[in-house]
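Participant: need the 3D shape of this:
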Amino acid sequence: MSRRISRRRFMQASGVSAAAAGYWLTGGVTESFAAQPGANARLNVALIGAGGRAEGNEQGVRGENIVALCDVDQSRARNVYNRYPRVTKYTDFRVMLDKQKDIQAVVVSTPDHTHFHASAMALQRGKHVYCEKPLTHSVWEARQLGLLAAKHRVATSMGNQGTAHDGLRTAAEIIRSGAIGEVREVHVWTDRPIWPQGINRPKGRQEVPKTLTWDLWLGPAPERPYNSAYVPFAWRGWWDFGTGALGDMACHTMNMPFMALRLSAPSAVSAEVVGGVNPESAPARGVTVTYEFPARGQGLPALRLYWYESPYQPGVPREKRVYRRPPANVLQGINNVSGSGCMIVGSRGKMYSGSDYGSSYTLLPARDFADYRPPQRTIPRSPGHHAEWIRACKGGAAAMSNFTDYAGPLTEMVLLGNVAMRAGERIVWDSAKLQVTNVRGAAQYIRPPYRKGWEWNA
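Facilitator: Numbers count the residues shown, from 1 in each chain. Below you'll find the predicted structure:
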C-alpha cells in the first residue's frame, strides 16, 4: 500500500472501522523498533507463564524459536518445561527481560493482575507482545499498553482468538452491509462464573506449596497470605487478581458486535447486581450491565449493549442451571439458547451467535434470510490468530487485535462494566480524560494502586 493513500480515503473505500484501522494500516507503513527476522526466519520467543492457558499459547508459537520460559509455579509449568529441557527457566519475568538479550517477542499468559507489568516491561524493551485476554486488569492499564505499543512500534495482539475466525469477520461484514437494518440494541450473555464469587477473603494461613513463589505470584497486587482459594484457577473471581465473568468472557462474546458496529468508548455504563457487590470478589448471584453508546460515524445510531451474567451455582449440573439471559422476545427464533452468546437486534432482522468466540452466526427470522448471501469481503482473512501476530512480528500487517487500535479499546469498554458494578451507580464516562465524571470514588477502580516495589510511572 502506498504511503500516499490517506487514512480517510482508505477507510471510506474499504469500510474499515476506526477501531480496527491498525490491522490494515499500522503494519503496512510503520517499521518496528524490535529486531525483525525475515519472513522465513524463526522468531526468538519467551513465554511469561508456562502453565494452564500458556500451554495453548505455546502450541500457537511452537514453530518459532522458544528461547526462555518463566513461571512462578514450577508444578503448573512442568509440561511445558519438560518440552524444552535446554531452554533457560526463570521465576521472575523482570529478571528474564533484563538479563536475556536475545528475546524478540514475549507471550504473556499470567493471571489478569500481572498482564500489564509483564507486557509493559516487554514493550519498553522493544519486544513484540502477545497477551492473553482481558488485555489488562484495569481500564487505565489498557490505555497505557495501547500507548506504549504505538510509541515503541512493536507487533502486538491479545488472545481473543475469535477475532481471526472467518465466521466472525463475515458476520461483521453482514452487519456493516445493512442486512439487518439499523442496530440500536445488542444483547450478550454468558454462563460464567464457573468459579466461586461473592465471598469474603479467607481467614488464617495455609502453607505455600514448595513449587510456588507466592510473592512473585502476587506481583503488584496487595499483599495477603497464600490460600488455595486463589490459586490456580479461582483467582478470576477476586477483584485484586481477576476481572470476574466480564473479564473472562466479554473480550470473546462482545468481540463481534465491537467489530461489526464500530464500537469504542461508551458514554455511560450502569449495572444491576442481585444482592449487591462484595468488596473482595465479583458478584455471585447474577448481573446485568448496560453500556450506552453515542451515535457514531457513517450514520450509525446510538445504541445500548446489555451484558448478562449467570449466578454461580456450585454442585448444579450445567444442563440444570438457571441462567440470566435476554428477554424472551429478543431470543425468539432460537430453539436451543447457548450458554454464552450474542444477539444483535436490527430494524429489519437479527443476528444470533451462539459461539463463545463469535465465530458462527444465524440470521433471523430464518424465512426472511433463506436465500441470503453474504456481501463481498471487505475485511482481509487471517492465517490464524497466533500466525497473524507472528506475521506482524516479522514485518507483515498489524494483527487485527493489536493493543493500540483494537484490543486496548475493547478491553477498556469491557472493564468499564466492572467499574459500574463496584461504583454502585450509573457512571458517566469521559474517554478522552479517562475519567468517570459523576462518581467521585470511581477513580480507584479505573487505576488501582500497586504494591510497593511494583509502582509504575506512566
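Participant: surely residue 425 meets residue 439?
Facilitator: Yes. Contact between residue 425 and residue 439 holds when scored by C-beta atoms under 8 Å: they sit 6.0 Å apart. Placement of C-beta: from N, CA and C, glycine included.
Participant: compare these two (neighbour count), which wins?
Facilitator: Legend: neighbour count by other C-beta atoms under 10 Å for residue 425 and residue 439, higher for residue 439 (17 against 12).
Participant: so what does the more buried one look like in phi/psi?
Facilitator: Phi and psi for residue 439, reported as degrees, to the nearest 10, are phi -130, psi 110.
Participant: which ones are touching residue 118?
Facilitator: Residue 118 makes contacts with 48, 93, 106, 108, 110, 131, as judged by C-beta atoms under 8 Å, 6 or more residues apart in numbering.
Participant: closest one of those to residue 322?
Facilitator: Residue 322 lies nearest to residue 110 out of these, by C-beta to C-beta, at 33.3 Å.
Participant: quick check, that closest one in a strand?
Facilitator: No. Read with DSSP: H, G, I helix; E, B strand; the rest coil, residue 110 is coil and lies in no strand.
Participant: how about the nearest residue to it, chain neighbours excluded?
Facilitator: Take residue 110 and drop its neighbours on the chain: the residue closest to it by C-beta to C-beta, 6 or more residues apart in numbering is residue 49, 4.3 Å away.
Participant: was I right to think that neighbour contacts residue 70?
Facilitator: Yes. Counting by C-beta under 8 Å, residue 49 does reach residue 70; the two are 7.2 Å apart.
Participant: more neighbours: the two, which one.
Facilitator: The neighbour comparison of residue 49 against residue 70 (other C-beta under 10 Å) goes to residue 49, with 30 against 27.
Participant: for the more buried one, give me phi and psi.
Facilitator: Main-chain torsions, residue 49, degrees, to the nearest 10: phi 100, psi 120.
Participant: list the contacts for it?
Facilitator: Neighbouring residues of residue 49 by C-beta under 8 Å, 6+ apart: 70, 71, 107, 108, 109, 110, 132.
Participant: what about the second one, how many neighbours?
Facilitator: Using other C-beta under 10 Å, residue 71 has 29 other residues around it.
Participant: spit out the contact partners of it.
Facilitator: Counting by C-beta under 8 Å, 6+ apart, residue 71 has contacts 49, 50, 51, 54, 77, 81, 89, 91.
Participant: pick the one among these closest to residue 170.
Facilitator: Closest approach to residue 170 among the contacts of residue 71 (C-beta to C-beta): residue 54, at 30.3 Å.
Participant: could you find the closest non-adjacent residue to the closest one?
Facilitator: Once flanking residues are discounted, residue 54 sits nearest to residue 109: 3.6 Å by C-beta to C-beta, 6+ apart.
Participant: need the single longest helix in the chain, by residues.
Facilitator: Taking DSSP state H as the criterion, the chain has its longest helix at helix 408-423.
Participant: next SSE after that one?
Facilitator: As assigned by DSSP states H and E, the chain's next helix or strand after helix 408-423 is strand 427-430.
Participant: noted, bye for now.
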